[in-house]
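*Asks:* Kindly return the folded structure for what I paste below:
(one chain, ligands or ions: 2)
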Amino acid sequence: MAGRGGLLMLENFIGGKFLPCSSYLDSYDPSTGEVYCHVPNSGKEEVEAAVEAARAAFPGWSSRSPQERSQVLQRLADLLEQSLEELAQAESKDQGERGKTITLARTMDIPRAVHNFRFFASSILHHTSECTQMDHLGCLHYTVRAPVGIAALISPWNLPLYLLTWKIAPAIAAGNTVIAKPSELTSVTAWMMCRLLEKAGVPPGVVNIVFGTGPRVGEALVSHPEVPLISFTGSQPTAERITQLSAPHCKKLSLELGGKNPAVIFEDANLAECIPTTVRSSFANQGEICLCTSRIFVQRSIYSEFLKRFVEAARMWKVGIPSDPSADMGALISKAHLEKVRSYIKKARMEGAQILCGEGVDKLNLPPRNQAGYFMLPTVITDVKDESCCMKEEIFGPVTCVVPFDSEEEVIQRANNVKYGLAATVWSGNVGRVHRVAKKLQSGLVWTNCWLIRELNLPFGGMKSSGVGREGAKDSYEFFTEVKTITVKH
Ligand SMILES: NC(=O)C1=CN([C@@H]2O[C@H](COP(=O)(O)OP(=O)(O)OC[C@H]3O[C@@H](n4cnc5c(N)ncnc54)[C@H](O)[C@@H]3O)[C@@H](O)[C@H]2O)C=CC1
Ligand SMILES: N/C(=C\C=C\C(=O)O)C(=O)O
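*Replies:* Residues are numbered from 1 along each chain as shown. Ligands and ions are numbered 1, 2, ... in the order given. So this is what the prediction gives:
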């Protein structure tokens, strides 16, 4: 709805109603410094109201059959799909001059949000429970599953509706009611989705959305005693805080965090496929996807050739205004984030590394209106030590390091030599090697000879500091339900 000064003013969605908030945050368009919309600055009071609504809706929603819930999810998917262009425009505008290209929003973010609802609408129909027998004792054992209750769902700014719906869909499909908190930086598409819920047949109180900051509304939500389960995607420090706050209540946690993802490229790799895919895996969404590649290990015999061709391809990756359909990359999320990403390039230079293209080497070509936006060119660093912060820390920007290696054993050890363990890619024509290396990498996901081909049935998540738990068809079902073992003596 229109608010102060004709700007968009979002409202919380609680108990099936849009409710104004007593205070609001200004959301800035960083390319102009102008306020773009107002976002509720919710706190404890709004969380209490959402808990009350979710609690009231739980008995009705949880006792519906999976088939009935599935139909509601299907209708919501249809409605989102009908609004695809409007949502894509909003997703691109919301990250606006900040970043997401309209092409990515149209082809990835919103289609995946639609698919999340379709997928869980279908998968909820196919779960079975376990049964074992102990004939010598005359016993039959079986399991039953039930929704947990009120789920807190907290999502980040980089893939706003995509990641929020990845949580909402399995949670409500399993019969829970939810309170979602999207990132305060990118709240618009979540709010737009609320306008479709009633038409889809989602009863009031099943999906509640409270907008605002992490420390205020996020903490009120995760520490609420009546919220037994939290699914979070975001940074590791926030995950630590959520873990501390939820520990006294022994809450169920699913934490999907950052990565420092390696690409391991052997001399027998098909470079014609590997190079464009590795450019994409390094720079898609400005490198602001937790699955993006940021350490590229290349076998020494092909190192020079790879580097030359990779840098040429990175230079072709077009940085432009997000509304330009031919732009491969937009701008970064905020001034602070751009400064943080740039500080890594400075540190790399001070350590004696070489910047082969991008930041400080090439010139951005942007219209005058966007010169002050938070844009940065795809940047390739080389001659960098494994111990450098550029090779150890999550930069979450369009920056990737390329280094040579000699043997399989050596590269596995070096690829594993970080605290994270989220996603890796392996490039080789040797199928035996691909399996061997994939098994030894400490990584929740390994894509070989490809990147980001998602099979939503299978577990998604990281090891080490990249997270706790997995989500996917069976894993999300297990996370969003409690299991009970029943023994019948006959
Ligand atoms: N999945 C990933 O790997 C992601 C990693 N990041 C990393 O995190 C860095 C910071 O990005 P942020 O958006 O600030 O991430 P963040 O972890 O602070 O925010 C993610 C979500 O958590 C909420 N949140 C923040 N503090 C909270 C608290 N104390 N209690 C409850 N909820 C809280 C935020 O409002 C947001 O909705 C990025 O530069 C990047 O390195 C960011 C987004 C996604
Ligand atoms: N969690 C993130 C990406 C997930 C992608 C997927 O599920 O396909 C992230 O970038 O934070």
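*Asks:* Please count neighbours and contacts with C-alpha atoms only from this point.
*Replies:* Noted.
*Asks:* tell me the contacts of Ile376?
*Replies:* One thing to correct before we go on: residue 376 is Met, not Ile. For Met376, the contact set (CA atoms under 8 Å, 6 or more residues apart in numbering) comprises Val319, Ala331, Leu332, Leu338, Gly358, Glu359, Leu364, Pro398.
*Asks:* pretty sure it is in a strand, no?
*Replies:* No. Met376 is assigned coil when assessed by DSSP: H, G, I helix; E, B strand; the rest coil, not a strand.
*Asks:* confidence score at it?
*Replies:* Looking at Met376, its pLDDT stands at 96.
*Asks:* repeat for the one 5 residues further on
*Replies:* In this prediction, Ile381 carries a pLDDT score of 98.
*Asks:* just His141 next, same as before
*Replies:* 98.
*Asks:* And for the nearest residue to it once chain neighbours are set aside, the neighbour number?
*Replies:* The shortest distance from His141 to any residue other than its chain neighbours is 4.4 Å, reached at Thr487 (CA to CA, 6 or more residues apart in numbering). Residues near Thr487, counting by other CA atoms under 10 Å, number 15.
*Asks:* Which residues are in contact with Thr487?
*Replies:* Contact analysis of Thr487 by CA under 8 Å, 6+ apart lists Cys139, Leu140, His141, Tyr142.
*Asks:* which stretches of the stretch 1-150 of the chain form helices?
*Replies:* Counting by DSSP state H, counting those that start in this stretch, the stretch 1-150 of the chain has these helices, from start to end: 44-62, 66-82, 84-94, 102-104, 110-123.
*Asks:* ditto for the stretch 201-350 of the chain
*Replies:* Secondary structure of the stretch 201-350 of the chain (DSSP H, counting those that start in this stretch): helices located at 219-222, 236-246, 271-283, 300-316, 335-350.
*Asks:* Please apply the same query to the stretch 351-490 of the chain.
*Replies:* For the stretch 351-490 of the chain, applying DSSP H, counting those that start in this stretch gives helices covering 389-392, 408-415, 431-440, 473-479.
*Asks:* nearest to ligand 1, of those?
*Replies:* Smallest distance to ligand 1 across those (CA to the nearest ligand atom): 12.4 Å, for helix 389-392.
*Asks:* Could you tell me which residues within that closest one count as buried?
*Replies:* Under the neighbour-count criterion of 16 or more other CA atoms under 10 Å, helix 389-392 has Cys390, Met391, Lys392 buried.
*Asks:* now the strands for the stretch 101-250 of the chain?
*Replies:* For the stretch 101-250 of the chain, applying DSSP state E, counting those that start in this stretch gives strands covering 131-134, 139-147, 150-154, 177-181, 207-209, 229-233.
*Asks:* So which of those strands has the densest surroundings on average?
*Replies:* Using mean count of other CA atoms under 10 Å, the stretch among the strands of the stretch 101-250 of the chain with the largest mean neighbour count is strand 177-181, at a mean of 29.
*Asks:* circling back to that earlier point, filter the contacts of Met376 to the buried ones?
*Replies:* Val319, Ala331, Leu332, Leu338, Gly358, Glu359, Leu364, Pro398.
*Asks:* is it true that the third one touches Phe396?
*Replies:* No. Here Leu332 lies out of contact with Phe396, judged by CA atoms under 8 Å, at a distance of 9.5 Å.
*Asks:* so how many other residues sit close to Cys401?
*Replies:* By other CA under 10 Å, 25 other residues sit near Cys401.
*Asks:* between the helices of the stretch 351-490 of the chain, which gets nearest to Val178?
*Replies:* Nearest to Val178 among the helices of the stretch 351-490 of the chain is helix 473-479 (13.8 Å), distances taken as CA to CA.
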